[in-house]
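# Can you look at this prediction? I've put the sequence above it.
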Amino acid sequence: MASFIELIDIVKTYRMGEVVIKASDGITFSVEKGEFAVVVGPSGAGKTTVLNILGGMDSCDSGQILVDGKDISQYNAKQLTTFRRYEIGFVFQFYNLVQNLTALENVELAAQICRDARDASEVLDLVGLSERRQNFPSQLSGGEQQRVAIARALAKNPKLLLCDEPTGALDYGTGKQILKLLQDTCRNQGMTVILITHNQAITPMADRVIKVKNGKVSSVQYNEHPKPVEEIEW
Amino acid sequence: MVMGKRALRKDILREIKKRFNQFLSIMIILTLGIGFFIGIRVTGADMRITGDQYFDEQKLMDIRLLSTLGFDDDSLKKIKSLSSIEAVFPSYSVDTKSLVNGNEYLTHNMALPEGDDAMNLPVLEEGRMPQNSQECVVDATMLRSGEIKLGDRMMLKTENDELKQQYYTIVGSVISPQYIALDHGYTSIGDGKLDSVVFVPRDAFDLDYYTEVYLLVKGASELSCFSDEYDDLIERSSDELDSIKSSLSELRIETIKEPLIEKLEKGQKEYDENKAKAEKELDDAKRQLDDAKKQLDGAKSTLSSSGPQLESSKKQLEDSKRQLDETLKRLDSAKADLDAGRQQLDAGKSQFDAALSEIYKQLGTSVPSYGTNYEGAVQQLKKDVSAFAAAAEKQLSDAYKDLEEFIKENPTMTDFYEEQKTQLDGQAAAAAEAKTQLDQAVQKLESSTSALSKAQSEYDAGLRQYREGQDAYQTGLAQYKDGLKEYNAGVTAYENGQAEYRSGLAEYEAGLKEYETQKSGAERRLSEAEKQLDDGRRELSKIESPTIYIQNRSANPSYSGFPQDSDRIEAIGRVFPLIFFLVAALVCLTTITRMVEEQRMQMGTLKALGYSPKSVAVKYILFALSAGVLALIFGMLFGYNLLPVMIYNAYRTLYQMPPLVHPFDISFAVLPALLSVVCTVLTALAACKLELRSAPAKLMRPAAPKPGKRILLERFTPVWKRLPFLEKVTARNLFRSKGRFWMSVLGIAGCTGLLITALGLNNSIMSMVDKQYDELNLYQMQVGISPKASQYEIDQLYDALDKSELVTDYLSVDSRSADASSGGKTYGISLIVVPDGTDLSSFLPMRERQSSETFTLKDDGIVIDEKLSLLLGVKVGDTITIANPDDNLQAQVKISAIKENYILHYGYVTASFYEQLTGFEPLNNLIYCKSPTITDDSFSDTSGKLLKLNAAESVVRVDTIRGSFDDMMKSFQSIIWIVIIAAAILALVVLHNLSTINISERIRELATIKVLGFYNGETSAYIYRENIVLTLIGIVMGCVFGVFLHSFVIQTAEIDLVMFIRTLDAPSVLTAILLTILFSALVNLILHFRLKKIDMVEALKSVE
C-alpha cells in the first residue's frame, strides 16, 4: 500500500563555490494520512531541507517525492506553486505574518487564493482567536501570532500541514499550547502533520518519529500510543 | 576605538558587493547630477574656448572694414598707424552667379589669404589648396549634397571683370572661420541669398582697390572672444577707427577722384576749346548768313515794296496806255485830217515843189529844203535865184574873166574863146532868160505862197498841233514806253530780283540748313560731350563720402549664435542637476536606512563591544561616501568629456567648427564634489543617527517589525469596504514608509516633470517659430528700399510690385533701429512707422496674447512686443524712452498696447505719432509683400527682377529668416534629448532602487506569499500595485512640478531676442505621462524577473 507521503532516496546538494554541502544524502521515509509525524535531528542535519523539498519550495537533485500518489519531484516551478497553493499549509518558526494586515486579513490572504478555502473567521475561531481578529500582528503575542499562522495554513484546507520549528520562538507554555493545537487539528481534522524540530523531548506526541542525521534518515519510529502534549514536560 | 582598518575596509567592500544594486543606484544618480552639473557648465565654457581657440588659430579678424569705395594702400597706411591695431590684412572679394555642372549658385568669392599677415585662414578638409590661378577651393558645405565633386569646373560670372578669368577647377574643400554655420549671408545680386563661399588665389583678382580690410586688434587674442573684455576692447578699437573714418573717406575720395578730376578737366578743356572753335566758325557762318539774310530781307522788302510799286506802275501804265490809245486815236483822226490837209498841202506843195524844182532845176541846184516855210523857200529861191543869177553872172563873169584871162593867156585859142564866149553869151542869154523865167516862176510861186503858206501854216499849226499832240503822244508814248520799259525793266528786275532772291534765298536756306546741320551737329557733339562731362561730373559727385563700415565678428553670419547657444545650454542646465542631487539624496537616505535596518544587530553588537557610535557609523558613511566619490569620478568623466562632446557634436551639425577642445578646469568640480559629499555623508549620518541612539541591547534584538497602522483611507468605510482585499494591502503598504513613499513619488515626479519640461520646451520653441510666421507675420517677402533712390526709381519699384504676379499685396513702412529703455535697461528694437489708417490685420495682426483680443494701432502711443515689456518691466500705460541719435530721435513714449510677438523686438507707431515725436515725416524704406503662392523659383525670379531696379536694396524671403530661426532652435533639441534620457534614467533608477529596497525589506513577506502559493504573476502584482499607485501619484505631482519647471526654464533659457510660447501643450504632457508609465512598466518587468528568483527558503530562514 502506497503511503500518503513517500520520500524515496532524496538527494539534495548545495554548491557554493568550491564548497559542496550534501544537505540530504538519500532520505527515504513515508508518512500515512492523518499521521502526526515529527522529523527530529540536530541543527544542520537537513531537516528543513526535507521540509522544503516536501513542500515544493525546493527541488531535489535526485529521488522521488510522492504526495498522495503524485510525484512532485518532476514538477516544474508552476506546478509546484499550484501544489503548494492547494495542497500544502505551512507554519514557520517566525510566523511570517504580513505585518500590515490584521489577523483576519492574514488568514484571508491565504484563503483568497484557494479553491476550497475555509471561512477565515471560522478558522480563527478554531484556533481560539475570535477576539483578536482585527488586531495587527504587532498587537499580538508570539503565541497568538503563531496561532494566526496556523489558522492561515488551515484556512487553505491543505492535504498536508508542514511545520518548521513552530515553537522555536515561543516560551514553554505557549509552545505547548501551539503543539496541542497542532495535535488537536491532526486528530480532529484528520490533517496529516509533519513537524520539524531539534527538540527530542516532544517526539512522544508524534505517531511517527523520523530521526535525521547528517542528511540521512537514521531511524524511523512508531509510537503506538502518542502522548497528549499536556503530559509532556521538558 | 576604531574598527580595525583592514576589517573595516573588507566589511565595506563586501557590503558594496552585496548591495551592489543600491550602491549603483546612488552612484548613478549622483553621477548624473554631478555629470550634468559639471558637464553643462563645462560645455558652455569649452564651446567658448573651442571657438576662441579656433578663431585665434585661424586668425579670424577682429574687425572687418568695408567701404563703398574700397580701400587703397594709403588707406591701409592710415589704418596701420592706429595704436589699437595689431595687424592689417587687405583682401578682395566679389559676389557672383556661379555655374557648376549646369546648376547656378550665388557665391561670395574671396581671395585665399596669403602672406605673413594673412587672416581668416581656411582649414583644408578635402583635396588640396590651389596651386595656380585656374584652381579654387570651395566651402565644404558645397560638396555635401554630392552634386558637386572635386575636379568639377566652376564658372564665376563676374559682371565687371573683377576676376582675370572665369573658369576654375575645384581642387579642394575648406572650412572658413568666417562662416561657422550653414548660413552664408546676403548679397545684392540674384535673389539675394548667398549659397556658398569660394576661395580663389589672390592673384586671380583684377581689381585696383581692396574690397575689404581685415584687422587684428592688439591684445584681442589673449582674451576670450566671447568675453565682455573682448567686446570692450573691440569697441574701443572701433571707436578709434571711427575717429579716422572721415579722414579715410576723404583720403579715399581724393585718391579716386584725382585721376577722374584730371580727366574731367582735360575733357573740359578740350570741350571748351572745341566749343569756342565751333562757335566761332558758326558765328562767322551765321554772320555771313545774317548778312545774306539782311540782304535778302532788304531785297525782299524791296521786292515786296516793288511789287506794289510795280503794280501801281502797271496800273499807271495801263492808264497811260489807255490815255495814249485815246490820244492816238485822236491823233490818228487828226492825222487823217492832217493827212488830208497834207495831201492838199502836198499837192500844193508838190505843185510848189514841182515849180520849185523846176526852178531849181534851172538853177541847177538842188532844191534846198524849206520844210514848210514856203515864204522862206521863195525868199530862199529868190535868193538862190539871185545867187544863181549872181553866180551865173559871176560865173559868167568869171568865165568871161577866165576866158579873158585864158585868152590872155591863150590868145590862140580864140576859137575856143569864141566858142566859149558864145557859149558864155549863150549862157548869159540863157541865163537871163532863165532868170526871167525863173523870176516868173518865182513870182508864180510867190503868189501861191501865201495860200500855201496859210495852208502850210494851218497845216503847220495843225501839224504842229498834231506834232505837238504826237509829240505829246510820243512823249507820252515814250514816257509810256519808258515807263513800260521801266516797268518791264522793273518787272524783269523784280523777277530777276525775285529769282535772285529765290536763289539767294535758296542758297541762304541751303546755307542756313547747312549751318543748322553743322550747328546741330556741333551742338549735338558738344552736348554729348557736355553730357559726358556732366555724367562724369555727376559720377564724380556721386562719389561722395564713401560709407565705411566697421564690423566686428558679430557681422559674420551665425557668429553670435554660437556663444548664445552655449549660454542657452548653460541656462537650461543650471536647473537639472539640482533635481538629480535631490533625488540622489533621497535614494542615498533610503538605501542607507535600509542597510542600517538590516544591520542593526551587527551595529548593536559593535556598540555592545564598546565601539563608539561614530565608529559604528563610519562604515555606512564610508559606504555612502565611496558611492559619492565614485560618482564624482564618473561624473567628472561624464561632465568633462562625454556630455560636452555629445552636446557639442549635436551642434556641429549646425555649425562648421573644429572638434571640441576640453581643457580640464577643476574649478567646475568643486561645487558638485561638495554637494556630492553632502548628499552622501549627511544622509548616511541622518540614517544612522536614529539607530545609533538606541541602546545596544535594543539593536541586537530583532527589530520590531513596523507596526501595521490603520491608514486614513480606512476611515472612509464605504470606500474601504469595497476595496478588493489585495488593494487594501497595497494601500496600507504604501503609507508604511514615509521616506520610501516620498523617494518614489519624488523620483517619478522628477521624471515626469523633467519630461514635461523637455517636451514642452521642445514644443514651445518649435511652435514659437511656427506661431510667429504663421499667425503674426503674414507676409512672405521683404523688400528694402535703397536710401539713395530717387522718387522716380521708387515709383518704378512700386510699379514692378504692382505688376508682379507673385506679389498680391504690399505695405510700405519706415523701419529704423532704435533703443528702448526704461529703468536703466536698454534693448535694441526695430521701430516700425506705419502709414496712418493702415489696416495691419493682413500683414501684422496685432493681438494681445493672453486674451487673444485684437487691437488697432492708434496715434496715442507705441505698441511694443510682449517680451520687451517683460524685459523692461513695463505694462500698458507706462512710459518708455525711445532713442536713436542718428535720427535725432529721443522721446518719452506711452505704451498704448502690448502685442503678441515671439521673435525679435518691435515698436509700432503711426506716421502722425512719429511726426509728433520727431518733427519729421517718416521715410518708407521697407515693403512687406504678401506672396502666398511663393515657391523657390517664383521667388528667385521675382527677386532677381526687383534687385535690378536701383530702388531695391534687398529682397529677402521670410521663409529664409524663418529657416534660420528654426535652425537656431533646433540646437535646443539635442539638449532636450539629453534631458529626456536623463529623466528616463532618473525614473528607472529610482523605481528600481525602490523596488530593490522594497524587495529586500519585504522579502520575508514576499517569500511567505510565494510559499502560500501565489503564482509569480500574483507575487509581482503584489508589488506592482504599489508601484502603480506611486507612479500615478508621482505623475500627478510631476505634472504640477513640470508646469512650474517648464515655465522657469523658459524664462531663464530664452534669449532676450525671443519669447518662447509659454503655454504647455497637451501632447507634451501626455507624452511625458506615457513615457513615465513606460519607464515604470519597464521597472516592473525587471521586478517580475527578480521576484521570480526569490529563494523562498533562504528568505524565510533569515531572522529579521
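Sure thing, it's come through. Numbers count the residues shown, from 1 in each chain, chains lettered A, B, ... in the order given.

# Tell me the predicted confidence for B:Leu216.
On the pLDDT scale, B:Leu216 is placed at 92.

# who's in contact with it?
B:Leu216 is in contact with B:Lys59, B:Met61, B:Asp62, B:Ile85, B:Glu86, B:Ala87, B:Phe89, B:Met119, counting by C-beta atoms under 8 Å, 6 or more residues apart in numbering or on different chains. Quick note: C-beta positions are derived from backbone N, CA and C, even for glycine.

# For the residue nearest to B:Leu1006 when sequence neighbours are not counted, what are phi and psi?
The spatially closest residue to B:Leu1006, leaving aside those adjacent along the chain, is B:Ile1094, at 5.9 Å (C-beta to C-beta, 6 or more residues apart in numbering or on different chains). Main-chain dihedrals, B:Ile1094, degrees, to the nearest 10: phi -60, psi 130.

# quick one: pLDDT of B:Ile1094?
B:Ile1094 carries a pLDDT value of 77.

# What is the nearest of the contacts of B:Leu216 to B:Gln323?
B:Phe89 (114.3 Å; C-beta to C-beta).

# what secondary structure does that closest one sit in?
strand (DSSP: H, G, I helix; E, B strand; the rest coil).

# Contact partners for it?
Contact partners of B:Phe89, counting by C-beta under 8 Å, 6+ apart, are B:Met61, B:Pro113, B:Gly115, B:Asp117, B:Ala118, B:Met119, B:Val213, B:Tyr214, B:Leu215, B:Leu216.

# so where does the residue in chain A positioned nearest to chain B fall, helix or strand?
Distance from chain B to each residue of chain A (C-beta to the nearest C-beta) is smallest for A:Arg85, at 2.7 Å. According to DSSP states H and E, A:Arg85 maps onto helix A:77-87.

# contact partners of that helix?
The contact list for helix A:77-87 (C-beta under 8 Å, 6+ apart) reads A:55-57, A:59, A:67-68, A:70, A:72, A:75, A:113-116, A:156, A:158-160, B:1010-1016.

# Show me which of these are buried.
The neighbour count (16 or more other C-beta atoms under 10 Å in any protein chain shown) marks A:55-57, A:59, A:67, A:72, A:75, A:113-114, A:156, A:158-160, B:1010-1014, B:1016 as buried among the contacts of helix A:77-87.

# Out of the residues you listed, name the ones that lie in helices.
Using DSSP state H, the members of the buried ones among the contacts of helix A:77-87 that fall within helices are B:Lys1010, B:Val1011, B:Leu1012, B:Asn1016.

# sorry, back to before: generate a ChimeraX selection restricted to the buried entries among the contacts of B:Leu216.
One line in ChimeraX is enough to select the buried ones among these; burial here means 16+ other C-beta under 10 Å:
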select /B:59,61,62,85,87,89,119
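
# Mind telling me the two of the contacts of B:Leu216 farthest from one another?
B:Lys59 and B:Ile85 (14.0 Å).

# now B:Ser764: how far from B:Ser869?
Per C-beta to C-beta, to the nearest Å, B:Ser764 is found 19 Å from B:Ser869.

# more neighbours, these two?
B:Ser764 (28 against 20; other C-beta atoms under 10 Å in any protein chain shown).

# Which other helices and strands does the helix or strand harbouring that one contact?
Per DSSP H and E, B:Ser764 falls inside helix B:738-771. Using 3 or more C-beta pairs under 8 Å, 6 or more residues apart in numbering or on different chains; DSSP states H and E as the contact test, the elements touching helix B:738-771 are helix B:561-598, helix B:958-1001, helix B:1016-1053, helix B:1066-1092.

# Cool, thanks, signing off.
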